[in-house]
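>>> Please work out how this folds:
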Amino acid sequence: MTTASGAGWRPQREVELLAGTPPGGGQDRAARALAVALEEAVDISVTVTNAPGLGGAKAWARLAGRSGDGHSLAISSPTLITNELTGVATTGTDSVTQIALLCTEYIAFAVPAGSQMATAGDLIDRLPTPERPDVSLATARGNVNHVALAYLCRHAATEPQNVDVRVFDSARHAIADVLDRDRGVVAVSAASVLPEIGAGTLRVLALSAPMRLGDPFAAVPTWNELGVDCTIGTWRGVVGPPGLAPATLAFWDQAANAAALAAAWRAALSRHMWSDTYLDAAAANRFMDEEEKRMRLALGELDLLDG
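Reported below is the predicted structural model:
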């Protein structure tokens, strides 16, 4: 067990970790893995509370209302930035305290097993035509999954606004939508489609990863290797409420680092096909500044910027 001294501050009661998606969603998976790793690494009790809605905005709004409370945390994701840029929510990076960036998961573009689109090229070919498929995604319009779709449309020389996008609170709901209708494309994190790959009900056309992932995706090409400029992923981080005392932030900065090295977290990285992109609090703040610039440009291409 590692001790994170945090200049003397330490949680005095159970810590609540908010996940802005339903059980089984992307933020939920990260929250539950982090809770186990924190308990292993720094011997604290952590409970996960789901507060789904608006791509995580409901969870972050709840967190933002607990100024200075070191016993409240939440999982963050790119929608913390894109929700504010698109006007979906007012809770943004300035409303919370960055503690760490944890990992990144890349996006799978998948179709029902019986789809006539057999390859990623088939999808690209259809995007500029009246036969273009609708795309189901999680968890908010303008998020990273939506931006990835915009990159595909750019390659196909069509406007992303031409594609019918269906948005759901979690990847599980987006997948269910495509399977229930037996049509369209789902764009969600790679880990989210693992059950359907095992059951043979979905076929993954391509991934937005910088390189191929391991089994069961070893035979799935990346968009990049197909000549499509679409390398983008959904990062997961951990944030605290605004107004944390320096000693409290120091504790969580050290605790997150210890958790990221814990065996439980390393196992979760492998199990969920996550890439280790850990950054401490200071580096995470710098990353958010750059990410805001990148997302502003991408959302401008989607014509989704608020105002």
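>>> roughly how far out does stretch 206-226 sit from the chain middle?
Relative to its parent chain, stretch 206-226 has a centroid offset of 18 Å by CA atoms, centre = their mean, to the nearest Å.
>>> Going by neighbour count, list what's buried in it.
206-209, 213, 217, 220-224 (16 or more other CB atoms under 10 Å). C-beta: built from backbone N, CA, C; applies to glycine.
>>> Go through those and name the one nearest Thr234.
Ser208 (9.3 Å; CB to CB).
>>> neighbours around the residue lying closest to that closest one once chain neighbours are set aside, how many?
Of all residues beyond its chain neighbours, the one nearest Ser208 is Ile107 (4.1 Å), with distances taken as CB to CB, 6 or more residues apart in numbering. Ile107: 28 surrounding residues under other CB atoms under 10 Å.
>>> Name every strand pairing with the helix or strand containing Ile107 and say which way it goes.
With secondary structure defined by DSSP states H and E, Ile107 is part of strand 97-112. Strands that pair with strand 97-112, judged by DSSP bridges, come out as strand 185-189 (antiparallel), strand 202-207 (antiparallel), strand 233-240 (antiparallel), strand 275-279 (antiparallel).
>>> Using TSV, lay out those strands together with distance to Ala33.
Putting these into TSV (distance: least, CB to CB, whole Å) gives the following:
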stretch	distance to Ala33
strand 185-189	13
strand 202-207	21
strand 233-240	9
strand 275-279	12
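>>> Tell me which of the ones you listed sits nearest to Arg66.
Of the strands paired with strand 97-112, nearest to Arg66 by CB to CB is strand 233-240, at 8.8 Å.
>>> from the chain's centre, how far out does the closest one sit?
Distance, centroid of strand 233-240 to centroid of chain: 7 Å (CA atoms, centre = their mean).
>>> Leaving out chain neighbours, which residue sits closest to Leu38?
In space, Leu38 is closest to Ala259, 4.8 Å off (CB to CB, 6+ apart).
>>> relative to strand 233-240, how tilted is the helix or strand where that neighbour lies?
Here Ala259, judged by DSSP H and E, is contained in helix 246-261. Orientation check (axes from the mean of the first three to the mean of the last three CA atoms, to 10 degrees): helix 246-261 against strand 233-240 gives 140 degrees.
>>> average model confidence for helix 246-261?
For helix 246-261, mean pLDDT is 98.
>>> From Arg172, how far off is the residue nearest to Leu38?
25 Å (CB to CB, to the nearest Å).
>>> Have a look at those two and say which one is more surrounded.
A count of neighbours by other CB under 10 Å puts Ala259 above the other of Ala259 and Arg172, at 29 against 20.
>>> which residues sit in contact with the more buried one?
Listed by CB atoms under 8 Å, 6 or more residues apart in numbering, the contact set of Ala259 reads 34, 37-38, 40-42, 265.
>>> redo that, cut-off 6 Å
Contacts for Ala259 (CB atoms under 6 Å, 6 or more residues apart in numbering) come out as 37-38, 41, 265.
>>> quick check, nearest of those to Ala59?
So of the contacts of Ala259, ranked by how close each gets to Ala59 (CB to CB), first place is Leu38, at 17.5 Å.
>>> I'd assumed Ala148 was in contact with the residue nearest to Ser208.
Yes. In this structure Ile107 lies within contact range of Ala148 using CB atoms under 6 Å: 5.1 Å.
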